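[1] Take a look and give me a structure for this.
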Amino acid sequence: VGGVLAAPYMDNDYGLDRRHSNLAYANSGFAMMTMCYDDACNMTNGLSAPDGEPCSCCGASTPDEEQNYTAEEEMICDECRDNYYGMCEDTDEIYHFDDLIRTHDERYICQHVYESGYFTCDDTYEVYPNEDKVITHDHKHISIEAYEAHYFTCSACGEVYPNEDANVCPHTGEVRCNDCHEDYREQNPELFE
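    All right, here's what the predicted structure looks like:
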């Protein structure tokens, strides 16, 4: 609802609240008088004055000191920012909560930052920076934390496998995957008699 409303001059910090008034009444000339308002009532001409630019989220007129700009250059009020938006901690830009991704260490990043420098661990489904990525023999992307807890690197082929596939050679102490261990046994049958 745009435009001005018929309104008396009011002292103090009162104005008209369009958001929480019944708009049918507001269009008829009635709106709620409140200290948290959309239209200032400081004019002596009998009309209200919208108190700033409309918020792109809730539509409330927002004074300059309560205006915030999102990464998409949309202006939002402080109330909407606090309730529906957050900051990408890599870019320091404001995004709607639906457009933010939480990382494993409780940080929030935007989709663009995620796509250019993060991944989701296939074991824990948590988000990590790409420098913490380990790729397994079957092309899973896991975090270094998941690797250290549940995986090993085969000393023969250099591929990453889950710990349940580990074979410790009783002769050399090397840890091999099932296939490499079987190859080693076939090449050295005398060691396994």
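[2] what sits against C177?
    Going by CB atoms under 8 Å, 6 or more residues apart in numbering, C177 touches 137, 154, 156-157, 159, 161, 165-167. All C-beta spots, glycine's among them, are computed from the backbone N, C-alpha and C.
[3] In strands only, show me the residues you listed.
    161, 167 (DSSP state E).
[4] Only the buried subset of the contacts of C177, as a ChimeraX command please.
    Selection of buried members from the contacts of C177 for ChimeraX, criterion 16 or more other CB atoms under 10 Å:
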select :137,154,156,161,165,166,167
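[5] show me the biggest helix of the chain in terms of residues.
    Ordering each helix of the chain by length in residues (DSSP state H) puts helix 178-187 first.
[6] Could you list the buried residues of that one?
    By neighbour count with 16+ other CB under 10 Å, helix 178-187 contains the buried residues 179-181, 184.
[7] in the protein, which ranges drop under the pLDDT threshold?
    1-7, 11-52, 193 (pLDDT under 70).
[8] What backbone torsions are found at the residue most central in space within it?
    Centroid-nearest residue in the chain, with CA atoms, centre = their mean: L100, separated by 1.8 Å. Backbone torsions of L100, given as degrees, to the nearest 10, read phi -110, psi 150.
[9] tell me which element I109 falls in.
    With the criterion set as DSSP states H and E, the secondary-structure element containing I109 is strand 108-110.
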